[in-house]
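Novice: quick one, what's the 3D model for this:
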Amino acid sequence: MDMSERPPPPDISQISGWRSIITLVVFVITNVIVSFPFHIPIPVPRILWEGFLSVLSKLRLIPPRDHAEWSKDEARGHWTTLHLSISTITAPVYACLFLLAILAIGRTEVYDGTIGSDNIEPYDVMIFFITLAYIAISIDASGLLKFLAFKVLQKGGAKGHRLFLYLYCFFFALGTAIGNDPIVLSGTAFLAYMIRASSNIASARAWVFSQFAIANISSAILVSSNPTNLVLAGAFQIKFIDYTANIIVPVLFTAALLFPCLLYLVFRDEKLVPHVIDMHTLPDAEKEMAPVNPNIPHAGAGEDRSPGIGEILNPYLDRRHAAISVGIMAATLISVLVINAVTASGGGKPTPVMYVTAPAAVLCFSADLFFGWRHQHATRAVAEKGRLAEERAAIEQELRGPTASSSVDAAAADTAAVTTNSSSDTGGSPPGAHGAGDLPEKPPRGMTDEALAAAVTRELEERKKREAEKPANLVSLTRRAYTWWRETFPAASIVMSRLPFELVPFAFAMFVLVQGLVTRGWVPVFAYGWDAWIKRTGVVGAVGGMGFLGVVLSNFTGTNIGTTILLCRIMQAWQQILASGGRDTTDRTFWGAVYGMALGVNYGAFSSALCASLAGLLWRDILLSKGVIVHRLEFLRVNAPIIAIATAVGCAILVGEVYIMRKDTPFIMLSQE
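Specialist: Numbering: from 1, shown residues only. Presented below is the predicted three-dimensional model:
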């Protein structure tokens, strides 16, 4: 290339300026906070806070507070404490606002971080991810995933190693097709219940950690399975089919070689994966009951069912809902692949994938609304029956008096103690443990069952009357509207509530922060470091280096999404460095680095920190709700050998692949593959 035609090298002159230094410092601090969120206590005079609540109450925005609450608050002192959340989601947003305030970033960074630049289009990525997530979660809401897991459990039978293999393959196949989030949403709860339903699995550790690892490994295969893949494919203009063709072999080898390592090395203890599993069975009467639709609020309340275990051994499945959602998902993925291949082969810019997934999600949402409205009378009747049963049970407990309540509380405390001791290792309550509602009780002394039932009915009517006499306010109207929405459209409402909307401001903010590093000269500095590394290590260093950076930085740069954005920008700056110097890299080295990054950012989700991916935070919260406690150090300790094996295998296979499939010819900058 003639010197006059060479592009200028990346500008790094700004890094000595104070705004550039603050941008880097804020970026680092933000990513530390993402790993370790906290709250800032803000003391506020109680009289001001109570006055503010009074104004809201007068405006009928919130319910009026009774005098007992006022008196209780006044007894606590003249100050109240509010808490400002500095969390995984809010920290990047606050960081962007701060940098905007000091003019460290401006309109250009915000525009490039939301609309896009250099073939990275954040809005397309996020619309694609949210809309495809709706379809995937709709499949889960139909009960199909839990039903398939039940069939796997039946086929695996009581043989522990075989069941472990079947579930491993099952989660791998699902992760490939629909991504890791639906597996985390449905499969995690299923495993927690399965452990509870067994009598000789001492710990949930082997099952839940293996599930989380294989879900993230499999999500590397298709571009549509993970937003990190979409960012990477867009940044380097890779056709979706080419991406899968280049990444599938390392991923398959990783999954195949990791399984025996998990079973015979990492989780070799017989108590973790027994050769023979003793499973509890449902009573005959419960087997004959119709499965409970978990999407309907209060469904199954007041019925004699085994909590949790019944969801495994008698799973709900809406076949029509499942067929429609699966059909829409299949048509969407096929359309995305075909349109991407056609536009890319024609030499044009790839069509934004949101033009395919958005209409598909609207169609799926419309189908959920249609069937919800069609069956609204039945679903609302089920919800009303369950809600009434719960209200009657609560009133009945109150009428039994303090003696019964104290005995129930003591029994519940004993159960909680057993659960806590068990969850420190097993992560679940012991099989057969009963909550307060399961304890056999007698009516209060001097009151027959009939009299107790009549008293409960009277109290229930009185409460409804008092509630109806209260003036309406925004909170009560919103609660009623939400209740109507949940009971009328149970499938659509549960899917909407599970959509990762919190990912949207987080991802956009991370895009803007990384763009700030670009314009302030820091990304080119990192690119010069990468250039020096490649000069010394070649192809092996390109694959291993990007794989290592992808895994490590996922824990420190705003999850694996932020890592993908940062590494893509570094690779793009590296291309500019090479072009400005009239140098080139080999086709083998460049694509080895790109696909090494793909492995690293997907595998990095199960490395050392739960916040390495939003799926990890969701996984932890679901386990916690089922009594399984995963501590930060445990997550690191268990995953350390898993990530080491997976990364080593994946990168080694990728090195061999690029040496076989790629040539040592110069790579042409910004070309399409």
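Novice: can you pull the contacts of residue 39?
Specialist: 83-86 (CB atoms under 8 Å, 6 or more residues apart in numbering). Where you see a C-beta, it was placed from the backbone N, CA and C, and this is true even at glycine.
Novice: which two among those are spaced furthest apart?
Specialist: Greatest spatial distance in the contacts of residue 39: 83 and 86, 9.7 Å, computed using CB to CB.
Novice: tell me, what's touching those two both at once?
Specialist: 39-40.
Novice: please identify which of the two sits among more neighbours.
Specialist: Between residue 83 and residue 86, residue 86 has the larger neighbour count (other CB atoms under 10 Å), namely 17 against 10.
Novice: so that one versus residue 128, what's the distance?
Specialist: Residue 86 sits 29 Å away from residue 128, going by CB to CB, to the nearest Å.
Novice: with residue 37 instead?
Specialist: Taken as CB to CB, the span from residue 37 to residue 128 is 27 Å.
Novice: thinking again about what came up before, any chance of the contacts of residue 39 in JSON lines, plus pLDDT, secondary structure and distance to residue 119?
Specialist: Shown next, in JSON lines, are those (pLDDT from 0 to 100; DSSP: H, G, I helix; E, B strand; the rest coil; distance: CB to CB, whole Å):
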{"residue": "83", "pLDDT": "89", "secondary structure": "strand", "distance to residue 119": "41"}
{"residue": "84", "pLDDT": "89", "secondary structure": "strand", "distance to residue 119": "37"}
{"residue": "85", "pLDDT": "87", "secondary structure": "strand", "distance to residue 119": "35"}
{"residue": "86", "pLDDT": "88", "secondary structure": "strand", "distance to residue 119": "33"}
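Novice: surely residue 576 meets residue 11?
Specialist: No. Residue 576 is not in contact with residue 11 according to CB atoms under 8 Å; the separation is 10.1 Å.
Novice: intersection of neighbour lists for these two?
Specialist: In contact with both residue 576 and residue 11: residue 524, using CB under 8 Å, 6+ apart.
Novice: between those two, which one's more packed in?
Specialist: Set residue 576 next to residue 11 and count neighbours by other CB under 10 Å: residue 576 wins out with 19 against 12.
Novice: and the pLDDT for that one?
Specialist: If you check residue 576, the pLDDT there is 89.
Novice: and the closest residue to residue 120 other than its chain neighbours, backbone torsions?
Specialist: Closest residue in space to residue 120, ignoring its immediate chain neighbours: residue 235 at 5.0 Å, by CB to CB, 6 or more residues apart in numbering. Main-chain torsions, residue 235, degrees, to the nearest 10: phi -60, psi -40.
Novice: grab the nearest non-local neighbour of residue 61.
Specialist: Once flanking residues are discounted, residue 61 sits nearest to residue 474: 4.6 Å by CB to CB, 6+ apart.
Novice: ditto for residue 522
Specialist: Counting by CB to CB, 6+ apart, residue 522 lies nearest to residue 24, which is 5.4 Å off, once chain neighbours are set aside.
Novice: hmm, residue 523 and the one you found touching each other?
Specialist: No. With contact defined as CB under 8 Å, residue 24 and residue 523 do not form a contacting pair (10.3 Å).
Novice: lowest-confidence helix or strand of this structure?
Specialist: helix 401-423 (a mean of 41; mean pLDDT, DSSP states H and E).
Novice: domain-wise, how is this structure divided?
Specialist: 16-114, 401-434 (automatic domain parsing).
Novice: between these, which has the poorest average model confidence?
Specialist: Looking at the domains of the chain, the weakest mean confidence is domain 401-434, a mean of 39.
Novice: returning to that earlier point: the residue nearest to residue 120 and residue 575: what is the separation?
Specialist: Note on residue 235: its distance to residue 575, by CB to CB, is 11 Å.
Novice: tell me which other helices or strands the helix or strand containing residue 660 touches.
Specialist: Secondary structure assignment for residue 660, by DSSP states H and E: helix 632-661. On a contact count with 3 or more CB pairs under 8 Å, 6 or more residues apart in numbering; DSSP states H and E, helix 632-661 meets helix 205-218, helix 240-261, helix 522-553, helix 587-603.
Novice: hmm, try it at 10 Å
Specialist: helix 205-218, helix 240-261, helix 522-553, helix 587-603, helix 614-625 (3 or more CB pairs under 10 Å, 6 or more residues apart in numbering; DSSP states H and E).
Novice: buried stuff in that helix?
Specialist: Within helix 632-661, the residues that count as buried by 16 or more other CB atoms under 10 Å are 635, 638-639, 642-643, 645-647, 649-655, 657-658.
Novice: what do you get for stretch 574-594?
Specialist: By neighbour count with 16+ other CB under 10 Å, stretch 574-594 contains the buried residues 574-579, 584-594.
Novice: with stretch 103-117 instead?
Specialist: Those would be 104-105, 109-110, 112-114, 116-117, for stretch 103-117 by 16+ other CB under 10 Å.
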